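Participant: could you work out the structure for the sequence below:
(one chain, ligands or ions: 1)
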Amino acid sequence: MTLTLVKSPDEAAETEPLTLAALRHEIDLLDSEMVALFQKRLELADRVGRAKDAPTGGYVKLRPDREQAVLAHVLQGARPDTRDAVEALWREVVGHGLARQGQLSVRVWAPVEPARAFDAARLRFGRAAELKTERDPQAALAFAAEGKGVAVLAINAGDPWWMGLRREWAALSVFEGFGRDIPTSLAVGRIDPGALPRGDRVLVTAGGDAGDGSGAGRRGLDTHHGWTLSLTSAPVVPGGPEGCVGAIA
Ligand SMILES: C=C(O[C@@H]1C=C(C(=O)O)C=C[C@H]1O)C(=O)O
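Facilitator: Residues are numbered from 1 along each chain as shown. Predicted coordinates:
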């Protein structure tokens, strides 16, 4: 609701600068509070990071499940008209929280519309992350497999890099999908399997064509020589015999 004070033009001319100054003072006070709170939050993220320094199994510190819960929590309290702004802001906040535990590096491989994939990665990981484009999907996967950071790779881009998630890149998990309804790129990394987000499971399977009924409830994303990359809402276990290679929110 917007309150409008009815004033004569003269009165308005006199009081307006004061009102403006008063409003700006309120903003300054809030900014100071927000900076203090942000710094407190960063210190806590720091402490969480040190707690994670205990054996990690070579996993990166990024915890998609926790980030999903943080987002859900703040969005629950947000007015509908501020949801997009709150989400964008918190992606930044969380990105800086993670950066306190070590800078996140992201390699992006997207031969078609690279700017779109890059923008999506920037929105997801925030400005605190270091983003670089990669010309070779295998180099992006190798970078992520070494635990140096994570990779974002386009799907349906003429390279079935995702088949490697069942083979040489089995240490990597898909933990994010980018795209409106159907993902057009996926993020992969050495993510603790216990920290994958709640949502659809990502499958790489031989035989059958996802979407033809052979895999009930599956949605195909890409196929190559009898192998299929698909999504399912079935609660399959990552790394298990069903070919689950991760999960996306
Ligand atoms: C603080 C943590 O580390 C990272 C930063 C988060 C945050 O700032 O809220 C959330 C998840 C992690 O990616 C955590 O795991 O809780």
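Participant: helix, strand or coil for the residue nearest the centre of the chain?
Facilitator: The residue lying closest to the centre of the chain (CA atoms, centre = their mean) is residue 124, at 3.9 Å. Of the three states, residue 124 takes helix under DSSP: H, G, I helix; E, B strand; the rest coil.
Participant: pLDDT score for it?
Facilitator: Residue 124 is assigned a predicted lDDT (pLDDT) of 97.
Participant: what do you get for the one 4 residues further on?
Facilitator: In this prediction, residue 128 carries a pLDDT score of 98.
Participant: what about the residue nearest to it when sequence neighbours are not counted, neighbour count?
Facilitator: Spatial nearest neighbour of residue 128, chain neighbours left out: residue 99 (3.8 Å); criterion: CB to CB, 6 or more residues apart in numbering. Just so you know, the C-beta spots here come from the backbone N, C-alpha and C atoms, and that holds for glycine as well. Close neighbours of residue 99, defined as other CB atoms under 10 Å, add up to 20.
Participant: surely residue 99 touches residue 130?
Facilitator: No - assessed by CB atoms under 8 Å, residue 99 is found out of contact with residue 130, at 9.5 Å.
Participant: in contact with the residue nearest to residue 239 when sequence neighbours are not counted, which residues are there?
Facilitator: In this structure, residue 239 finds its nearest non-sequential neighbour in residue 193, 6.5 Å apart by CB to CB, 6+ apart. For residue 193, the contact set (CB atoms under 8 Å, 6 or more residues apart in numbering) comprises 173, 238, 239.
Participant: over to residue 189?
Facilitator: Contacts of residue 189 by CB under 8 Å, 6+ apart are 60, 62, 144, 149, 150, 151, 172, 173, 175.
Participant: bridging residues for it?
Facilitator: Residues in a beta bridge with residue 189, per DSSP bridges, are residue 173.
Participant: distance of residue 19 from the ligand?
Facilitator: Per CB to the nearest ligand atom, to the nearest Å, residue 19 is found 37 Å from the ligand.
Participant: quick one on the thing from earlier: any idea how far residue 88 is from the residue nearest to the centre of the chain?
Facilitator: Residue 124 sits 10 Å away from residue 88, going by CB to CB, to the nearest Å.
Participant: and residue 173, by the same measure?
Facilitator: 25 Å.
Participant: again with residue 183
Facilitator: Where residue 88 is concerned, residue 183 sits at a distance of 19 Å (CB to CB).
Participant: cool, residue 194 as well?
Facilitator: Residue 194 is 28 Å from residue 88, by CB to CB.
Participant: low-confidence ranges, the protein, go.
Facilitator: Residue ranges of the chain with pLDDT under 70: 1-16, 54-56, 208-216.
Participant: now the strands for it?
Facilitator: Ranges of strands within the chain are 105-109, 130-133, 150-154, 173-178, 185-189, 200-206, 218-224, 227-232, 244-248, based on DSSP state E.
Participant: the ligand contacts on the chain?
Facilitator: Residues of the chain lying close to the ligand by CB under 6 Å from any ligand atom are 45, 48, 62, 63, 66, 67, 70, 94, 97, 98, 101.
Participant: with those residues in mind, which one is nearest to the ligand?
Facilitator: The closest of these to the ligand turns out to be residue 97 (CB to the nearest ligand atom; 2.2 Å).
Participant: which strands or helices does the longest helix along the chain pack on?
Facilitator: When every helix of the chain is counted residue by residue (DSSP state H), the longest turns out to be helix 9-51. In terms of contacts (3 or more CB pairs under 8 Å, 6 or more residues apart in numbering; DSSP states H and E), helix 9-51 is packed against helix 83-99.
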